[in-house]
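# Predicted structure and sequence below. I'll ask about it afterward.
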Amino acid sequence: MSSTVLSLRIDGELLDRLKRHAARSGMSVQDYVVRTLIREDFDARFEAAVDETERFYGLT
């Protein structure tokens, strides 16, 4: 898998919170943000798959 650079501008308060969350997880801020984005993407794809399955079987 290739990677691409994503640059974000965030305020200091948010960065401080991200640093605290990352430190509790023993991660860098970059790794913590990427993990969070991956988890959010998985949750959205999983929910879409469940919805599609329910529609297929007429459960909704």
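Looks like it came in fine.
# Spatially central, which residue of this protein would that be?
The centroid of the chain falls nearest to Leu37 when counting by C-alpha atoms, centre = their mean (2.0 Å).
# Figure out the helix or strand that it lives in.
Leu37 belongs to helix 29-56 when assigned by DSSP states H and E.
# What residues of that helix count as buried?
Tyr32, Val33 (16 or more other C-beta atoms under 10 Å). For glycine as for every other residue, the C-beta is placed from the backbone atoms N, C-alpha and C.
# From the contact counts, what lies against it?
helix 12-24 (3 or more C-beta pairs under 8 Å, 6 or more residues apart in numbering; DSSP states H and E).
# contacting residues around the helix it packs on?
The contact list for helix 12-24 (C-beta atoms under 8 Å, 6 or more residues apart in numbering) reads Ile10, Ser28, Val29, Asp31, Tyr32, Val33.
# same thing with stretch 3-11?
Leu18.
# Apply 10 Å and report the result again.
Leu14, Leu15, Arg17, Leu18, Val29, Gln30, Val33, Val34, Leu37 (C-beta atoms under 10 Å, 6 or more residues apart in numbering).
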